[in-house]
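Trainee: Just need the structure, nothing else, for what follows:
(chains A and B)
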Amino acid sequence: DAKTTQPPSMDCAEGRAANLPCNHSTISGNEYVYWYRQIHSQGPQYIIHGLKNNETNEMASLIITEDRKSSTLILPHATLRDTAVYYCIVRIPPQGSGTYKYIFGTGTRLKVLA
Amino acid sequence: GAVVSQHPSWVICKSGTSVKIECRSLDFQATTMFWYRQFPKQSLMLMATSNEGSKATYEQGVEKDKFLINHASLTLSTLTVTSAHPEDSSFYICSARERGNYNEQFFGPGTRLTVL
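Mentor: Numbering: from 1, shown residues only, chains lettered A, B, ... in the order given. As a prediction, the model looks like this:
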């Protein structure tokens, strides 16, 4: 079962900041939050990840609440090419002899408007 | 960055036939590869995890005899959909994790399977 919930869709004006929320209220202390995006009929593209602290890279910023129950992905200046489905993912640590796994949520379809 | 390819990008087959999909890491060694399935307008669902040289681990509800996974080398994993039926039509996506890198999975472009 998905451990994240996201709004199904959002619109954002080109050039403005896009703030995409994600709830992960059942996240455990050692589970990371990852964000990927998927442009139509392509494989997902990595954006950013974090555990407790806020993170920033050339693509986006990730703000994680202090209780870690939710996070927000921020695209500072959205462009038309940022139109995609954005997935907030919890990375599950290995169980037994397994390995880290991604559990995808349902994603947010972001449409950037000209 | 690390590149993962899939072949074919799309395939159409008749019901009852088997289809093999390849996933390759082009510029890194992938000790672990993952196979996902995605139905239209839905999220990615993890099907199985494969480690090089060992048997794949399937997620609950995924038939291992129907979806055969082989990860024979550090750069290649294959998914064979055996005796495909129309309900197997889907977008199949693989991802790969580089040796020693637990921070990121690199995804392939996906393979669209249509079973007539």
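
Trainee: Who are the contact partners of residue A:60?
Mentor: Going by C-beta atoms under 8 Å, 6 or more residues apart in numbering or on different chains, residue A:60 touches A:35, A:47, A:48, A:73, A:74, A:75, A:76. Placement of C-beta: from N, CA and C, glycine included.

Trainee: ditto for residue A:50
Mentor: Residue A:50 touches A:32, A:33, A:62, A:64, A:71, counting by C-beta under 8 Å, 6+ apart.

Trainee: Tell me how far it lies from residue B:20.
Mentor: Distance, residue A:50 to residue B:20, by C-beta to C-beta, to the nearest Å: 38 Å.

Trainee: ok, and the closest non-adjacent residue to residue B:2?
Mentor: Spatial nearest neighbour of residue B:2, chain neighbours left out: residue B:106 (4.4 Å); criterion: C-beta to C-beta, 6 or more residues apart in numbering or on different chains.

Trainee: What about the contacts of residue A:50, which are in helices?
Mentor: Using DSSP state H, no member of the contacts of residue A:50 falls within helices.

Trainee: I'd like these written out as a markdown table, with distance to chain B added.
Mentor: Output for the contacts of residue A:50, formatted as a markdown table (distance: C-beta to the nearest C-beta, whole Å):
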| residue | distance to chain B |
| --- | --- |
| A:32 | 8 |
| A:33 | 12 |
| A:62 | 14 |
| A:64 | 16 |
| A:71 | 17 |
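
Trainee: Using PyMOL, make a named selection holding only the buried ones among these.
Mentor: Selecting only the buried entries of those in PyMOL, with 16 or more other C-beta atoms under 10 Å in any protein chain shown as the criterion:
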select buried, chain A and resi 32+33+62+64+71
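
Trainee: and the residue in chain A positioned nearest to chain B, what does it touch?
Mentor: Closest approach between chain A and chain B, counting by C-beta to the nearest C-beta: residue A:43, at 3.6 Å. Neighbour list for residue A:43: B:4, B:6, B:93, B:95, B:107, B:108, B:109, B:110 [criterion: C-beta under 8 Å, 6+ apart].

Trainee: How about residue A:100?
Mentor: Taking C-beta under 8 Å, 6+ apart as the test, what residue A:100 contacts is A:91, A:92, A:93, A:94, B:97, B:102.

Trainee: again, only using 6 Å
Mentor: Residue A:100 is in contact with A:91, B:102, counting by C-beta atoms under 6 Å, 6 or more residues apart in numbering or on different chains.

Trainee: Report the separation between it and residue A:29.
Mentor: 15 Å.

Trainee: Distance of the residue of chain A closest to chain B relative to residue B:23?
Mentor: Taking C-beta to C-beta as the measure, residue A:43 falls 10 Å from residue B:23.

Trainee: Not counting its neighbours along the chain, what's nearest residue B:84?
Mentor: Leaving aside its sequence neighbours, residue B:84 sits nearest to residue B:115 (C-beta to C-beta, 6+ apart; 4.5 Å).

Trainee: The most centrally placed residue in chain B: helix or strand, and which one exactly?
Mentor: The centroid of chain B falls nearest to residue B:35 when counting by C-alpha atoms, centre = their mean (3.6 Å). Taking DSSP states H and E as the definition, one finds residue B:35 inside strand B:30-38.
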